[in-house]
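# how does the following fold in three dimensions:
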Amino acid sequence: MRLEISCQDRLGITQDVLDILVTHNIDLRGIEIDEAGKIFLNFPNIEFEDFQHIMPKLRRIEGIEDVKTTLFMPGERERNQLSAIVQTLPDPVFSVDNKGRLLLCNDTVASGLEMTFAELLHTDISEYVKGFNFSRWLESKAPAPKSIKVKFIQQDFVADILPITVPDAAESSILAGAVIMLKSEVRLGQQITVFHQHGTDSFEKLISESPVMQQTVGEAKRIADLDAPILIFGETGTGKEMLARACHQSSRRADKAFLALNCGALPDNVAETELFGYAAGTFNQTEGKAGLLEQAAGGTLLLDEIADMSVHLQGKLLRVLEDGEFRRVGDVNPVAVDVRFVCTTCQDLGQLVEENKFRKELYYRLNVLSLVVPALRDRRNDVVPLAESFILQHSIKLGRRPAKLSKSCVEFLQHYPWPGNVRQLQNALFRALSLLDGNEITKEDIQLPSCTPSMTYVDENFEGTLDEEVKKFERELLRKLYPSYPSTRQLARKLGLSHTAIANKLREYGINKATVKL
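Model (predicted):
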């Protein structure tokens with residue numbers, strides 16, 4: 001039987017309880033006092049009927065408020081909870097005292113060694129886990145957690161060795177033992193696979209506290225599972241590829257490949273073979289090579305910075321989009337292809353079409369579903385959440401505790417114009433963390449080029465007339481405002497001009513819904 005005694009905090013009250021038990025020759029197995037001051041008693045081999053005549057005497061003790069039976073002692077519950085957790089773990093788990101002797105292990109250990117827990121109790125862990133000197137570690141001045149490769153039953157494991165300490169009267173810690181958890185290569189592989197699996201929401205990694213980014217992510221979610229090409233606009237460093245990957249992971253092609261080709265990073269002939277592959281015998285090669293189009297079969301192919309693709313490759317890509325097939329370099333046999341195209345660009349494709357630098361047919365083929373990733377300076381609410389996310393990621397890589405941002409640093413980050421966008425923020429924080437001595441990042445720790453709000457639109461050495469430069473500025477201003485004010489009346493009202501004047505200027509500069517992404 002077990003009792004729970006609610007009482008006041010009075011010196012000697014526990015002794016008064018024990019005196020009554022001694023008077024009646026009651027054998028006490030255990031006594032515990034919890035943080036709230038309740039007293040718990042455990043009596044072996046006694047029934048409530050045999051004890052109930054003592055209950056009134058306990059209640060009459062000064063300071064005792066209530067006496068009732070309870071199903072378990074706090075320590076019993078904690079031990080059973082710990083035992084239940086340990087037993088359900090699929091990995092071998094040991095608990096040892098400060099001499100390395102076994103106090104607890106789970107069924108995985110016992111079954112692997114083909115021994116009972118009684119046989120294992122108080123034996124030395126070094127008999128079973130080889131490759132680490134537990135005695136030396138336990139006897140060291142301040143044992144620290146370790147991860148080390150060991151052998152258990154002639155197999156390799158990674159052991160996480162964690163010291164168990166208890167506080168002493170001097171507010172320091174006393175080593176009471178350790179917990180050792182083993183993980184096999186197979187288990188580690190399974191956990192890494194799960195870690196890299198995509199969650200139910202593939203867009204959850206995209207921080208979108210700002211309304212403009214929330215709108216972009218919302219649009220991306222709606223079009224992700226459609227099979228038409230996606231064209232993603234945005235400045236360098238805004239995270240276009242991350243958005244493209246999220247669209248792929250949220251589509252019906254998620255279990256297939258996601259491959260990428262940077263259209264501006266490779267010479268034209270190299271980019272062509274990377275994209276289309278080549279047949280056996282080409283370039284004096286005895287074997288052919290599959291290009292990204294074949295490797296991404298059933299999946300998604302990202303064409304990064306599509307505006308940098310040569311006109312020659314643009315024509316070949318257009319044929320793939322029209323016919324659903326292509327030919328390897330040096331081959332005459334067509335290859336059918338089932339790939340979804342996602343293209344990114346930091347340039348104005350509509351303007352490039354007007355300047356005959358990008359094929360109009362390809363532009364219309366690709367610009368079916370489009371997204372615009374806003375610049376970081378236009379999503380101020382995202383700056384601090386992004387910074388905190390990068391700090392956590394970088395801290396893990398650097399093996400240090402995550403640092404905090406000072407108030408002045410937060411204000412600085414929020415007001416900086418970020419010409420390099422999210423990538424610039426990420427790199428700046430990595431540098432700050434790498435050189436940081438303390439645990440707080442200040443404004444002085446962030447090394448960034450100074451940027452002033454003013455912009456110089458005309459180079460002092462420009463060639464041309466004033467009228468030409470004014471027209472150039474006017475055209476760029478109208479192209480920038482047009483997506484937000486897509487009707488001539490709205491734009492005229494914004495700029496304080498007549499509807500007719502704006503209509504004439506839009507017509508003069510070729511600005512319309514076909515050439516400007518709305």
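# contacts, neighbours, all on C-alpha from now
OK.
# per-residue pLDDT, residue 480?
Looking at residue 480, its pLDDT is 79.
# run a quick neighbour tally on it.
Counted with other Cα atoms under 10 Å, residues neighbouring residue 480 total 13.
# then the one 5 residues further on?
Neighbour count for residue 485, taken as other Cα under 10 Å: 16.
# please apply the same query to the one 3 residues further on.
Neighbourhood size, residue 488 [other Cα under 10 Å]: 20.
# residue 466 now?
10.
# repeat for residue 133
The tally of other residues near residue 133 (other Cα under 10 Å) stands at 11.
# can you tell me the closest non-neighbouring residue to it?
In this structure, residue 133 finds its nearest non-sequential neighbour in residue 126, 7.6 Å apart by Cα to Cα, 6 or more residues apart in numbering.
# quick check: that neighbour touching residue 120?
No - Residue 126 lies out of contact with residue 120 (Cα atoms under 8 Å); the separation is 12.0 Å.
# contacts only, for residue 361.
residue 318 (Cα atoms under 8 Å, 6 or more residues apart in numbering).
# against residue 8, how distant is the residue nearest to residue 133?
From residue 126 across to residue 8, the span is 48 Å (Cα to Cα, to the nearest Å).
# got phi/psi on the residue nearest to the spatial centre of the chain?
The chain has residue 205 as the residue nearest its centroid, 6.1 Å off, counting by Cα atoms, centre = their mean. Residue 205 adopts backbone torsions of phi -80, psi -10, taken as degrees, to the nearest 10.
# circling back to that earlier point, OK, contacts around the residue nearest to residue 133?
100, 132-134.
# could I get the average pLDDT for stretch 32-44?
The model assigns stretch 32-44 a mean pLDDT of 83.
# next, count neighbours for residue 227.
Residue 227: 15 neighbours (other Cα under 10 Å).
# in space, what's closest to it - neighbours in sequence excluded?
residue 340 (6.4 Å).
# number of nearby residues for that neighbour?
Neighbours of residue 340 (other Cα under 10 Å): 23.
# mind listing what it touches?
Contacts of residue 340 by Cα under 8 Å, 6+ apart are 227-229, 298-301.
# which ones among these map onto helices?
Judged by DSSP state H, the contacts of residue 340 include no members of helices.
# residue 303: what secondary structure?
What DSSP: H, G, I helix; E, B strand; the rest coil gives for residue 303 is strand.
# and the residue nearest to it when sequence neighbours are not counted, what does it touch?
Spatially, and ignoring its direct neighbours in sequence, residue 303 is nearest to residue 343 (4.7 Å; Cα to Cα, 6+ apart). Applying Cα under 8 Å, 6+ apart to residue 343 gives the contacts 229-232, 302-306, 366.
# ranges for the helices of the stretch 351-500 of the chain?
Using DSSP state H, counting those that start in this stretch, the helices found in the stretch 351-500 of the chain span residues 360-366, 383-398, 407-415, 421-435, 466-481, 488-495, 499-509.
# which of the residues in the shortest one are buried?
So the one you mean is helix 360-366. 362-363, 365-366 (16 or more other Cα atoms under 10 Å).
# what of the last one?
Neighbour-count burial for helix 499-509, counted by 16+ other Cα under 10 Å, picks out 502-503, 505-506, 509.
# got the angle for it vs helix 488-495?
With axes from the mean of the first three to the mean of the last three Cα atoms, to 10 degrees defining the directions, helix 499-509 sits at 100 degrees from helix 488-495.
# could you look up the SS state of residue 271?
helix.
# what sits against it?
With Cα under 8 Å, 6+ apart, residue 271 has these contacts: 261, 263.
# please tell me how far it sits from residue 283.
Counting by Cα to Cα, the gap from residue 271 to residue 283 is 15 Å.
# next one: residue 465
51 Å.
# show me the beta-bridge partners of the closest residue to residue 128 other than its chain neighbours.
Distances taken as Cα to Cα, 6+ apart place residue 152 nearest to residue 128, at 6.1 Å, with adjacent residues excluded. When assigned by DSSP bridges, residue 152 has beta-bridge partners residue 129, residue 155.
# for residue 152, give me its contacts.
Residue 152 touches 128-130, counting by Cα under 8 Å, 6+ apart.
# compare those residues and tell me which is most surrounded.
Busiest of the contacts of residue 152 [other Cα under 10 Å] is residue 129, holding 21 neighbours.
# quick one: residue 120 and residue 102 touch, right?
Yes - between residue 120 and residue 102 there is a contact under Cα under 8 Å: 6.8 Å.
# of the two, who's got more company?
Neighbour count, other Cα under 10 Å: between residue 120 and residue 102, residue 102 has more, with 22 against 18.
# so, low pLDDT: which residues of the stretch 201-350 of the chain?
Residue ranges of the stretch 201-350 of the chain with pLDDT under 70: 201.
# and with 90 instead?
For the stretch 201-350 of the chain, applying pLDDT under 90 flags the ranges 201-205, 225-227, 252, 254-255, 263-272, 278-289, 312, 323, 329-334, 347-350.
# any idea which of the buried residues of helix 499-509 is closest to residue 399?
In terms of Cα to Cα, no member of the buried residues of helix 499-509 lies closer to residue 399 than residue 509, at 54.6 Å.
# check contacts around the closest one.
So residue 509 contacts residue 475 (Cα under 8 Å, 6+ apart).
# pull up the gap between it and residue 478, please.
From residue 509 to residue 478 the distance is 9 Å (Cα to Cα).
# repeat for residue 392
41 Å.
# one step back: nearest to residue 148, of the buried residues of helix 499-509?
residue 509 (67.4 Å).
# domains for the protein, by residue range?
2-75, 89-192, 211-368, 376-445, 456-518 (automatic domain parsing).
# ends of the third one, what's the gap?
For domain 211-368, the first-to-last residue distance is 24 Å (Cα to Cα).
# try stretch 89-105
Start-to-end, stretch 89-105 (Cα to Cα) is 11 Å.
# so for it, what gets flagged as buried?
Quick answer for stretch 89-105 (16+ other Cα under 10 Å): 91-105.
# nearest to residue 192 among the residues you listed?
Checking these against residue 192 with Cα to Cα, the nearest one is residue 91 at 15.4 Å.
# would you double-check that the closest one falls in a helix?
No - applying three-state DSSP, one finds residue 91 to be coil, outside a helix.
# how near is it to residue 111?
12 Å.
# kindly confirm my reading that the residue nearest to residue 133 is in a helix.
Yes - when three-state DSSP is applied, residue 126 is found to be in a helix.
# dump the helices of the stretch 351-500 of the chain into a markdown table; add distance to residue 441 as well.
Shown next, in a markdown table, are those (distance: least, Cα to Cα, whole Å):
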| stretch | distance to residue 441 |
| --- | --- |
| helix 360-366 | 43 |
| helix 383-398 | 10 |
| helix 407-415 | 7 |
| helix 421-435 | 7 |
| helix 466-481 | 36 |
| helix 488-495 | 42 |
| helix 499-509 | 48 |
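# of all the ones you listed, which one is nearest residue 65?
The nearest among the helices of the stretch 351-500 of the chain, by Cα to Cα, is helix 383-398 at 50.2 Å.
# how far out from the middle of the chain is the closest one?
10 Å (Cα atoms, centre = their mean, to the nearest Å).
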